[in-house]
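Peer 1: Please work out how this folds:
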Amino acid sequence: MAAAARPSFAKLAALASAPILKLATFLPPGFVEAFSLIFVSEIGDKTFFVAALFAMKSSRLVSFVGSVGALATMTVFAVLIGQVFHSIPEIPALNGVKVDEYVAVGAFLYFGLKLLRDSYLIKDSDGSGIDEELEEAKEEVSKVADAKSSFALMCQAFSLVFAAEVGDRSFLATIALSTAFSPAAVAAGAVSG
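Peer 2: Numbering: from 1, shown residues only. So this is what the prediction gives:
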């Protein structure tokens with residue numbers, strides 16, 4: 001009876017042949033991790049709302065180009081910062097553990113505890129966490145003056161998203177990922193996410 005409860009080899013083989021899993025085997029290490037981290041963490045984030053609200057206020061294409069440009073720029077900065085941490089030589093007192101590993105663990109621990117604290121402080125099922133992000137985004141977008149040219153609108157979208165992304169969880173997580181994986185793969189995955 002216990003053998004029947006386990007999945008058969010044929011079922012596991014069918015699962016492994018799923019197109020998305022086949023694609024993931026060809027992508028470099030770090031791409032899938034960065035893509036999934038950014039894709040999940042940006043939904044409902046202040047950056048998400050800023051880009052959406054700005055697209056409602058101006059052209060969707062202009063908003064998209066400005067937002068993606070800001071996110072790509074922040075991703076490159078995060079990867080470069082991660083590489084700086086990764087290049088710090090080992091400190092003998094740390095018994096062979098590199099400084100970047102301590103920084104990565106510290107960043108994930110800090111943001112994990114902060115996220116748990118924030119979710120604990122949110123009242124049950126009132127959605128106030130997302131409402132706060134939306135209100136902050138509305139304030140930021142309302143401060144922006146109406147521009148006439150597409151380039152000026154693109155620069156405004158860039159600056160709004162760039163300012164919202166500095167010090168964000170996804171920014172720091174990208175720093176940590178770039179210390180562990182290929183910087184090019186992390187940058188490509190994070191920008192794609």
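
Peer 1: Tell me where the chain has helices.
Peer 2: Secondary structure of the chain (DSSP state H): helices at 2-5, 9-16, 19-26, 31-42, 46-57, 60-87, 99-121, 128-142, 150-165, 169-180, 183-192.

Peer 1: Pull the distance from the last one to the chain's centre.
Peer 2: Looking back up the chat, that one is helix 183-192. 10 Å (CA atoms, centre = their mean, to the nearest Å).

Peer 1: packing partners for it?
Peer 2: For helix 183-192, the packing partners by 3 or more CB pairs under 8 Å, 6 or more residues apart in numbering; DSSP states H and E come out as helix 31-42, helix 60-87, helix 169-180. Any C-beta I mention is one placed from the backbone N, CA and C, and that applies to glycine too.

Peer 1: Check which residues of that helix are buried.
Peer 2: 183, 185-191 (16 or more other CB atoms under 10 Å).

Peer 1: how many neighbours does residue 97 have?
Peer 2: 12 (other CB atoms under 10 Å).

Peer 1: Skip the chain neighbours and tell me the closest residue to it.
Peer 2: residue 90 (7.6 Å; CB to CB, 6 or more residues apart in numbering).

Peer 1: Pick the most buried one from the helices and strands packed on helix 183-192.
Peer 2: Greatest average neighbour count among these goes to helix 169-180 (a mean of 23), per mean count of other CB atoms under 10 Å.

Peer 1: hmm, who's touching stretch 55-72?
Peer 2: 47, 50-51, 54, 141, 144, 147, 150, 153-162, 165, 190-191 (CB atoms under 8 Å, 6 or more residues apart in numbering).

Peer 1: Restricted to buried residues, select those in ChimeraX.
Peer 2: In ChimeraX, the members of the contacts of stretch 55-72 classed as buried (16+ other CB under 10 Å) are selected with the following command:
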select :47,50,51,54,141,144,153,154,156,157,158,160,161,162,165,190,191
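
Peer 1: Let me know the pLDDT of the nearest residue to residue 82 once chain neighbours are set aside.
Peer 2: The shortest distance from residue 82 to any non-neighbouring residue, by CB to CB, 6+ apart, is to residue 178 (3.1 Å). With respect to pLDDT, residue 178 scores 87.
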